[in-house]
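Undergrad: Structure, please.
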Amino acid sequence: MGAPVARGEELELHVDSLAYGGNGVARLDGFVVFVRRGLPGDTVRARVTRVKRGFAEAVAEEVLAASADRVEAPCPHFGRCGGCRFQDYAYERQIAAKEAQVRDALVRLGGFAEPPLEPIVPAASQYHYRNKLEYSFTRSADGPSLGFHRAGRWDEVLPVDVCLLTTDAGNRVRDAVQAWAREEKLEAYDQAAQTGYLRHLVLREGRNTGQMLVQLVTAKGRKFEEEYLVEVLRRFPEVRSIHWAVNDTPAEVTTLPTTLLWGEDAIEEEILGLRFRVRPNAFLQTNTEMAETLYEITRAFAGLTGGETVYDLYCGTGTIGLALAAQALTVWGVEISEESVACAIENAELNGITNAAFFAGNVSLALEELRERAGQPDVVVVDPPRAGLAGKALRRMAALEAPRVVYVSCNPTTLASDLALLRDEFGYELLRCRPVDMFPHTPHIESVSLLERRAGVVAP
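TA: Numbering: from 1, shown residues only. Have a look, this model is predicted:
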């Protein structure tokens, strides 16, 4: 039997809930329609954009009856900018929806009938919380402009006058670079035509140190006066590091080798009393304030007493492992990014931590060698990318037979499937799961889970 809707058809729908990813969930005679820009409680007129066998996707063209939980979005660019999805949804309802999505994933995908889910931790700040932003250059009547991709579009950039997720300093530096680009009559890159020069601006801030790193990304060629750009940026006392990167490929990427134009090669951030050096391509949680909360929960779940050997997998710049080191015997970190590992080693030295070591390598390939070197782990902390611990990495981690695993996740769907496999095939019991809202007004959800291995279980 075919779907009861067709692409391009307009429907009147009542939105019941939010799906993971941010779309509203409506039903038409039992058939699920995911509605972009639809909030729970809304009745909308929606246009169908995609039809699959078991569901359809639509975009709300008009709100016919607004949800009682709709609020006024403070950002002048909201609705057109693709950065925030829920500034118009009351914050207490946002976090309730995120907690429900984690629960739903554990029940429906993980098969945990009564998951040990603890209340979500709300964000300490709903705005101005990001320590990193990536802007794209675009062409406008006034010359090069900086902004973000329009909602639902990869090929169109919306110029912005202000972003409420960054700081006042971040907004001022972005405006100064935009004014510099116009003064120098440089041309913004056109992604569709693959012509032009200026591509991206990346700003990273040490929120607890007041330091800022600026990275300009251009197409190939040295078409600007480096000294003048440095002069413009040095007017801001926060700017401590200025980098230039060249992207000569069609791909829109900013993780590139850089040339230091001025200042230190890295800035510093402070988390839980520790100092961390941050280079252009090193990973750091984007919300410093809530990263401290996330790491405190991780430390509590790890339950260290001072005698444990801890593996920190996907360790990034070592933030989690170094936060655990004072309560552990040894910490051993593995991360595929050599730049991040270099930062982790430097961060250990910076903080005088001598019981932590970090290595560059693929987690799925490095564990056997790590166990030979470090010995059997008592606790494994894992913070994988959004795709989770798929395949060999999960099985080889589980084969370590660590008594305790702390899983930091940024994706409840992959978390649920990974936890189910750890339960069913390796005897790990889920004891606790705590969602943490790191990114208000977006669909993203972090969580920390504690697993313990049942005695007598033989790994396959």
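
Undergrad: Now residue 17. Nearest residue, chain neighbours left out?
TA: Once flanking residues are discounted, residue 17 sits nearest to residue 25: 4.7 Å by C-beta to C-beta, 6 or more residues apart in numbering. (C-beta placed from N, C-alpha, C; glycine too.)

Undergrad: So in that sheet, which strands flank whatever helix or strand the one you found lives in, and in what orientation?
TA: For residue 25, the host element (DSSP states H and E) is strand 24-28. Partner strands and pairing direction for strand 24-28 (DSSP bridges) are strand 10-18 (antiparallel), strand 31-36 (antiparallel).

Undergrad: for the last one, which positions count as buried?
TA: Under the neighbour-count criterion of 16 or more other C-beta atoms under 10 Å, strand 31-36 has 33, 34, 35, 36 buried.

Undergrad: so the residue nearest to residue 17 makes contact with residue 13?
TA: No. Using C-beta atoms under 8 Å, residue 25 is not in contact with residue 13, being 9.7 Å away.

Undergrad: Between these two, which is the more surrounded one?
TA: Legend: neighbour count by other C-beta atoms under 10 Å for residue 25 and residue 13, higher for residue 13 (23 against 17).

Undergrad: where along the stretch 301-450 of the chain do the helices fall?
TA: 319-325, 338-350, 363-374, 392-398, 412-426 (DSSP state H, counting those that start in this stretch).

Undergrad: How confident was the prediction at residue 457?
TA: In this model, residue 457 is scored at 61, pLDDT.

Undergrad: contacting residues around residue 398?
TA: Listed by C-beta atoms under 8 Å, 6 or more residues apart in numbering, the contact partners of residue 398 are 421, 422, 425, 426, 428, 459.

Undergrad: so who does the first one touch?
TA: This means residue 421. With C-beta under 8 Å, 6+ apart, residue 421 has these contacts: 394, 398.

Undergrad: For it, give its distance to residue 414.
TA: 11 Å (C-beta to C-beta, to the nearest Å).

Undergrad: Give me the average confidence score over the lengthiest strand in the chain.
TA: The longest strand of the chain (DSSP state E) is strand 55-65. Taken as a whole, strand 55-65 has a mean pLDDT of 95.

Undergrad: and the helix or strand following it, what other elements does it pack with?
TA: Next in sequence after strand 55-65, counting helices and strands by DSSP H and E, comes helix 91-104. Counting contacts by 3 or more C-beta pairs under 8 Å, 6 or more residues apart in numbering; DSSP states H and E, helix 91-104 is packed against strand 10-18, helix 412-426, strand 428-436.

Undergrad: Turn those into CSV, including distance to residue 236 and mean pLDDT.
TA: Formatted as CSV, the helices and strands packed on helix 91-104 follow (distance: least, C-beta to C-beta, whole Å; pLDDT from 0 to 100):
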stretch, distance to residue 236, mean pLDDT
strand 10-18, 39, 95
helix 412-426, 39, 95
strand 428-436, 32, 98
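
Undergrad: Can you say which of these is nearest to residue 184?
TA: strand 428-436 (42.8 Å; C-beta to C-beta).

Undergrad: from what I can see residue 207 touches residue 271, true?
TA: No. In this structure residue 207 lies outside contact range of residue 271 using C-beta under 8 Å: 9.5 Å.

Undergrad: which one of the two has more residues nearby?
TA: Set residue 207 next to residue 271 and count neighbours by other C-beta under 10 Å: residue 271 wins out with 22 against 18.

Undergrad: how close does that one sit to residue 437?
TA: From residue 271 to residue 437 the distance is 18 Å (C-beta to C-beta).

Undergrad: any common contacting residues for residue 25 and residue 13?
TA: Joint contacts of residue 25 and residue 13 (C-beta under 8 Å, 6+ apart) are 33, 35.

Undergrad: list the residues that contact both of residue 207 and residue 271?
TA: residue 288.

Undergrad: how about the helices in the stretch 151-300 of the chain?
TA: Using DSSP H, counting those that start in this stretch, helices in the stretch 151-300 of the chain cover 168-183, 226-233, 288-302.

Undergrad: so of the ones you listed, which one's packed in deepest?
TA: Of the helices of the stretch 151-300 of the chain, the one with the most neighbours on average (mean count of other C-beta atoms under 10 Å) is helix 288-302, at a mean of 20.

Undergrad: Going by neighbour count, list what's buried in stretch 365-377.
TA: Buried, per 16+ other C-beta under 10 Å, within stretch 365-377: 366, 367, 370, 371, 374, 377.

Undergrad: Now do the same for the residue nearest to the first one when sequence neighbours are not counted: its pLDDT.
TA: In other words, residue 366. Leaving out its chain neighbours, the residue that sits closest to residue 366 by C-beta to C-beta, 6+ apart is residue 334, at 5.2 Å. Looking at residue 334, its pLDDT reads 95.

Undergrad: so residue 334 sits right up against residue 312, yeah?
TA: Yes. When contacts are counted by C-beta under 8 Å, residue 334 is listed as touching residue 312 (7.4 Å).

Undergrad: Between these two, tell me which one has more neighbours.
TA: Between residue 334 and residue 312, counted using other C-beta under 10 Å, residue 312 has the larger neighbour count: 31 against 24.

Undergrad: From residue 124, how far off is the more buried one?
TA: As judged by C-beta to C-beta, residue 312 and residue 124 stand 25 Å apart.
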